[in-house]
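In: generate coordinates for the sequence data below:
(one chain, ligands or ions: 2)
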Amino acid sequence: MMDLHRSLKWWIYFLLCAPLFGVSYGELRYVLPEEMNRGSVIGNVALDLGLQVSELQARRARVVAEGTSQLCELDTASGNLLISQRIDREELCAQANSCILQFQLLLEDPLQASSLVLDIADINDNNPEFATREIKLDLVESTVLGRRFPLECAHDPDLGTNSIREYKLSHNDHFALEMSSQINGNSYPELVLKKQLDRETEAEHLLEINGIDGGYPVRSGTAFIHIRVLDANDNVPIFSQRLYKASVPENAAKGTLITTLNATDFDEGIYGEITYSFSHLSDKMGGVIEVNPLTGEVRVAGVIDYEEASSHELGVQAKDGGGQASHCKLVIDIIDLNDNKPVIEIKSASSNIAEDARPGTMVALINIYDMDTGNSGHVICSIPDNVPFKLVSEVKNYHMLVTDGILDREFQPEYNITVTATDSGSPSLSSVKVITLLVSDVNDNPPTFTHYVYNANILENLPVGTLVIKLEAQDSDDGTNAKILYHISQDTNSELSSFFTINQNTGELFTSHTFDYEQSAYFQLKITAQDGGDPQFSSTCTVNIFIQDQNDNGPVILYPVQTSGFIAEDVVPIEAPGGYLVTKVVAVDADSGHNAWLSYRIIKATRSNLFMADLHTGEIRTLRTFMEEDEPKHTLVVLVTDNGRESLSATATVSISLSDGMPVLSEFYEFADKSENNDNLMFYLIIALSTVSFLFVLLISGVFYFNFCDHSYVYRSNTSSLPVFPTTYCTSTLTDFSRCGTLLREDRYDPFMTTGSWRGDFRFGSNTDTDILKKRSAAYQKNTLRRLSTERPSLKIRAGPTHPCYVIK
Ligand SMILES: *[C@@H]1O[C@H](CO)[C@@H](O)[C@H](O)[C@H]1NC(C)=O
Ligand SMILES: *[C@@H]1O[C@H](CO)[C@@H](O)[C@H](O)[C@H]1NC(C)=O
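Out: Ligands and ions are numbered 1, 2, ... in the order given. Okay, the predicted model is just below:
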């Protein structure tokens, strides 16, 4: 066997297409004999394609069959193309002149498709064979010399010289064998009578006929001719045509008439009765067509498939009742119908494509073919218009599916691309195949916060770890590209950023510091959300945090100074009328709003009903004129309470002594003697009102100023000295900003209600440190005392304007 394919290998290799899209095509052609042993080497594909053997394995080289069965395989270890199944040329291609098998050699990464063409050469592997081992012939003894009797040909499926070459007849006296050639080139062995038959001497003759082929080695087949000598049957059936030709569409219904054979025999009676039969019927045709022995009608009996064979050549025989037979050929052409759908085969496809893939990136290689011929085998391939892909065909029957536009996973993460192949037959047939393609994510979207600015309120004094706000950003990417980490932005002041911590995964912002409203009431943080992609994207939002006041500071008495052992005495003229201003208890509360709204009550007095404390101002006035029995020294205990939910309080001890050498100042008892001071009062009122109006204008300007200023956060001034009179408007970051709550937020007005009186209004806004307060108030007290005693005559009304925040309310 091995010597049969020694010199048969040659190959043609040419590149059809430069690796324009990363795919190249070529063709390899091998000529090989049929019937090679399984595992025989056809050729070395690696060598012939100029590839490294190692490359074959790495690029998953494989042989794919197009419709046919897998007759050869690739040994990736050696690069050899091996026979993997028996190849019988006669079975694959019947009697066709050339027998070509098409395969594809596919390599991946980069994709390369090469056409493998196997040209199967015939070998002499079949013996000539007679349809019947014994040919019966009945001859009348009167048969004239030279009379020819056509014999059935021996059948040899091999081609050319491997087919029948000659016939030999065994030695005998009466018969010779001659070949008769027919018009279509077919030749038949014919038995020729050479010597007169005599039934009386020899009633039977047994001859042996050998069909010999021209192959190497020679093969032959034998049949016996059994001749009976009869009395009289003078005529042989004669076919009306020497060759019958007919055509029938494939898939024709059973019983369809193909043709009618017609032979005549001029004998009478039984010698003239003709029966028709096939003299040789191949396995393929067995059961597919049948002949009516009496009428000679040839009809369809099974399934006729053009793709199986396009034409059939059959031997037919007409035999009379006397055993005389003649032979003839019937050629049936099969008409192709469009009975095969186009075939779509995905030769290579990636199931993922990155959303930033450049237009023209190949996604799949599709092989499309149709087993039909002509128009029925002409296939048009298409995909829908509404997908960003297109088909590119560089090689017949091969289509590349490539991207044709911008992909966006956020817009469409998955494509089902329907590939439709339609042939041009009538009616046309089509097939579809769906290629599912997932678009993989690329980090092309930044995280986004729902709002640019978030506001949060927390109470002061809350423990460390209190949740302030939960921030959430969205990222429309996928996977780690959408995994958001939160952190406090680098832009934020480092001291401030140490006051808060953020859970980087959940976006929950916690305090890491206890806040004191009296120290700072407002913070502004910038929070950055960053995704996990490469490159990373981030976005930032602003968080305003407002600290809300709690009543955590008690009132602090500034005057009179409450030091143990020494209490400053206030002196009142003994002639003072009822309603005379004796002194004033001055207290402050570091809280704001209601929490700092102080009220004053006398809870203990040396003599009751002599002095009264103004609930709001803390002014101590006489209720009546002094009398003889009144003690010269009085001690009052004034309770100062704030207005918080759980109010805090302090007591002030006021010491008052009566003096008879002091002048009575009219400014101190306007309540008792209003009429005398009405003019004066009106004058001050006018001044006060115009001042208020002026300040209101300034305040409005201040409101605008602050609305458009961006202050990260504001500390209260530590530098302004006590006592601080109400600031007229908010000018800078050093201003007691928190007191202007209405400027920041509507729900944080701070009505500072200690200003019950239009004069004597003391405001303390800055320092909460009680020690400093005490020290400073001592200094203040000394100052005030000195002023009260030395400058009393010129002490005028402190017409402090109403607090601007209060006005806003
Ligand atoms: C058969 O052939 C003969 C002579 O060739 C003709 O007369 C006869 O009509 C034919 N019969 C049929 C059925 O065609
Ligand atoms: C694609 O087809 C699959 C399976 O039939 C289906 O689950 C999926 O929803 C389809 N996708 C689109 C985008 O139509």
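In: any residue of stretch 437-456 touching ligand 2?
Out: No - counting by Cβ under 6 Å from any ligand atom, ligand 2 is not contacted by stretch 437-456; separation bottoms out at 9.5 Å. No exception for glycine: its C-beta is placed from N, CA and C like everyone else's.
In: now the phi/psi pair for the residue of the stretch 401-550 of the chain found nearest ligand 1, please.
Out: Nearest residue of the stretch 401-550 of the chain to ligand 1: residue 426, at 34.2 Å (Cβ to the nearest ligand atom). Here is the backbone geometry of residue 426 (degrees, to the nearest 10): phi -130, psi 110.
In: around residue 402, how many other residues sit close by?
Out: Residue neighbour count, defined by other Cβ atoms under 10 Å, stands at 18 for residue 402.
In: so the residue of the stretch 401-550 of the chain closest to ligand 1 makes contact with residue 338?
Out: Yes - assessed by Cβ atoms under 8 Å, residue 426 is found in contact with residue 338 at 6.8 Å.
In: those two: which has the busier surroundings?
Out: Per other Cβ under 10 Å, whichever of residue 426 and residue 338 has more neighbours is residue 338, with 19 against 9.
In: what residues are up against the more buried one?
Out: Contact analysis of residue 338 by Cβ atoms under 8 Å, 6 or more residues apart in numbering lists 372, 375, 376, 423, 425, 426, 427, 428, 429.
In: same deal with residue 78?
Out: Here residue 78 is in contact with 44, 46, 53 (criterion: Cβ under 8 Å, 6+ apart).
In: neighbour count and distance to residue 612 added to the residues you listed, as JSON lines?
Out: Below are the contacts of residue 78 laid out as JSON lines (neighbours: other Cβ atoms under 10 Å; distance: Cβ to Cβ, whole Å):
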{"residue": "44", "neighbour count": "16", "distance to residue 612": "123"}
{"residue": "46", "neighbour count": "21", "distance to residue 612": "117"}
{"residue": "53", "neighbour count": "17", "distance to residue 612": "115"}
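In: which of the residues in the longest helix along the chain are buried?
Out: The single longest helix within the chain, with elements called by DSSP state H, is helix 674-707. Using 16 or more other Cβ atoms under 10 Å as the burial criterion, the residues of helix 674-707 that qualify are 677, 684, 688, 692, 695, 696, 698, 699, 702, 703, 706.
In: cool, and stretch 346-356?
Out: Buried-residue list, stretch 346-356, by 16+ other Cβ under 10 Å: 347, 348, 353, 355.
In: can you check stretch 159-168 too?
Out: 159, 162, 163, 164, 167.
In: nearest residue to the third one in space, please, no chain neighbours.
Out: With sequence-adjacent residues excluded and distances taken as Cβ to Cβ, 6 or more residues apart in numbering, residue 163 is closest to residue 156, at 4.7 Å.
In: isn't the one you found right up against residue 165?
Out: No - look at residue 156 against residue 165 with Cβ under 8 Å: they stay out of range, at 9.1 Å.
In: give me the common contacts of those two.
Out: Common contacts of residue 156 and residue 165, defined by Cβ under 8 Å, 6+ apart, comprise residue 213.
In: how near is the closest residue to residue 478 other than its chain neighbours to ligand 2?
Out: Closest residue to residue 478 apart from its sequence neighbours, by Cβ to Cβ, 6+ apart: residue 441 at 3.9 Å. Using Cβ to the nearest ligand atom, to the nearest Å, residue 441 is found at 16 Å from ligand 2.
In: and residue 147, by the same measure?
Out: 77 Å.
In: residues in contact with the closest residue to ligand 2 within the stretch 201-350 of the chain?
Out: Across the stretch 201-350 of the chain, no residue is closer to ligand 2 than residue 349, which sits at 14.6 Å (Cβ to the nearest ligand atom). Residue 349 is in contact with 363, 364, 365, 401, 435, counting by Cβ under 8 Å, 6+ apart.
In: the first one contacts residue 403, doesn't it?
Out: Yes - between residue 363 and residue 403 there is a contact under Cβ under 8 Å: 6.6 Å.
In: list residues touching both of the two?
Out: Shared contacts of residue 363 and residue 403, counting by Cβ under 8 Å, 6+ apart, come down to 353, 389.
In: how about the residues of the protein by ligand 1?
Out: Residues of the chain lying near ligand 1 (Cβ under 6 Å from any ligand atom): 240, 262, 264.
In: do that again at 5 Å, thanks
Out: Within the chain, the positions adjacent to ligand 1 are 240, 262 by Cβ under 5 Å from any ligand atom.
In: okay, helices next: where are they in the chain?
Out: Along the chain, the segments classed as helices by DSSP H run 45-49, 53-58, 89-93, 494-497, 674-707, 741-744, 770-790, 804-808.
In: centroid-wise, who is the farthest residue in the protein?
Out: Taking Cα atoms, centre = their mean as the measure, the residue most remote from the mean C-alpha position of the chain is residue 628, 101.0 Å away.
In: gap between that residue and residue 658?
Out: 11 Å (Cβ to Cβ, to the nearest Å).
In: point to the residue nearest the middle of the chain.
Out: Judging by Cα atoms, centre = their mean, the chain has its centre closest to residue 413, at 3.4 Å.
In: now that one. Nearest residue, chain neighbours left out?
Out: residue 439 (5.4 Å).
In: ok, that neighbour - contacts?
Out: With contacts defined as Cβ under 8 Å, 6+ apart, the neighbours of residue 439 are 352, 353, 354, 355, 407, 408, 409, 412, 413, 414, 415.
In: distance-wise, check the second one relative to ligand 1.
Out: With distances taken as Cβ to the nearest ligand atom, residue 353 is found 69 Å from ligand 1.
In: residue 477 versus the residue nearest to the centre of the chain, what's the distance?
Out: 11 Å.
In: please enumerate the shared neighbours of those two.
Out: With Cβ under 8 Å, 6+ apart, residue 413 and residue 477 have no common neighbours.
In: which residue does the stretch 501-650 of the chain have closest to ligand 2?
Out: For the stretch 501-650 of the chain, Cβ to the nearest ligand atom, closest residue to ligand 2: residue 533, 24.0 Å.
In: excluding covalently adjacent residues, which one is nearest to residue 517?
Out: Spatial nearest neighbour of residue 517, excluding adjacent residues (Cβ to Cβ, 6+ apart): residue 460 at 4.0 Å.
In: pLDDT weak spots in the chain?
Out: For the chain, the stretches flagged by pLDDT under 70 are 1-26, 66-67, 182-186, 231-234, 268, 565-566, 669-679, 704-809.
In: which residue does it bring closest to ligand 1?
Out: For the chain, Cβ to the nearest ligand atom, closest residue to ligand 1: residue 262, 3.6 Å.
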